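Undergrad: Got a predicted structure plus its sequence, pasted below:
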Amino acid sequence: MSRYKIYDTDFYKQISLLLPTFKRKSKIINFLKSLIKPLTELYQVFKRYRTETLYKINHNGQVVYLQKVLNDRFDKTQRRIFISDGLFNNPTYVYPHEDQKDIYLNTQYIFNQTELEFKDVDFVVVLPSDISVSDEEDIRMRSLINYYKLASKTYKITTQNE
């Protein structure tokens, strides 16, 4: 899995290789193995941390990578979570008379509540309808999205209507 062999160490093998041949008895080897047991456990924790850190480094806030991270965490088998763009409307500016600017009102559209719900968010995370997200998982999903997204981007999480 890892391409760097420097992090692959077998401590039990190192014990027998570093001992002189005349001291390679089973009692001595077992005693030394018991002494380095905490070291091997700490090494396993380090390897897990290194794997998680490499995963975080290799992914960023791009849509493809963010979808991959969300699917890896919340929908491993079917991978149905996707990200769509938010809705943007050009703002209409109305100036007070003191500013002495032209007042031009173009055609105004009236939106219903569902159209306004996704207005002015940068992206929408769409979950499949059969995935039920508990409050704890919702917090984890939001923290995961917040970790990878750019600071200026806003989002909304919704379920897909079939």
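TA: That came in fine, so what should we check first?
Undergrad: Report the rounded mean pLDDT for the helix or strand where Tyr49 lies.
TA: Using DSSP states H and E, Tyr49 sits in helix 37-58. For helix 37-58, mean pLDDT is 95.
Undergrad: for stretch 133-146, same thing?
TA: Computed over stretch 133-146, the average pLDDT equals 94.
Undergrad: So what touches that stretch?
TA: Leu66, Val69, Leu70, Arg73, Phe74, Val125, Leu127, Tyr155, Ile157 (CB atoms under 8 Å, 6 or more residues apart in numbering). All C-beta spots, glycine's among them, are computed from the backbone N, C-alpha and C.
Undergrad: Inside strands: which ones of those?
TA: Cross-referencing these against strands under DSSP state E gives Val125, Leu127, Tyr155, Ile157.
Undergrad: my guess is the second one contacts Ser84, does it?
TA: No. Checked against CB atoms under 8 Å, the pair Leu127 and Ser84 is beyond contact range at 11.6 Å.
Undergrad: related to what we said a few turns ago, of the ones in strands among the contacts of stretch 133-146, which count as buried by neighbour count?
TA: Val125, Leu127, Tyr155 (16 or more other CB atoms under 10 Å).
Undergrad: And this structure, what are its domain boundaries?
TA: 5-58, 63-159 (automatic domain parsing).
Undergrad: what's the first-to-last distance across the longest one?
TA: Criterion CA to CA, to the nearest Å; first-to-last residue distance in domain 63-159 is 18 Å.
Undergrad: Among the contacts of stretch 133-146, list the two that are farthest apart in space.
TA: Arg73 and Tyr155 (15.9 Å; CB to CB).
Undergrad: Considering the domains of the chain, which stretch scores lowest in mean pLDDT?
TA: Mean pLDDT is lowest for domain 63-159 among those, at a mean of 82.
Undergrad: how would you label Val133: helix, strand or coil?
TA: Applying DSSP: H, G, I helix; E, B strand; the rest coil to Val133 yields a three-state assignment of coil.
Undergrad: can you tell me how far it sits from Ile81?
TA: Distance, Val133 to Ile81, using CB to CB, to the nearest Å: 11 Å.
Undergrad: cool, and Arg48?
TA: 25 Å.
Undergrad: Please consider this matter closed, and thank you.
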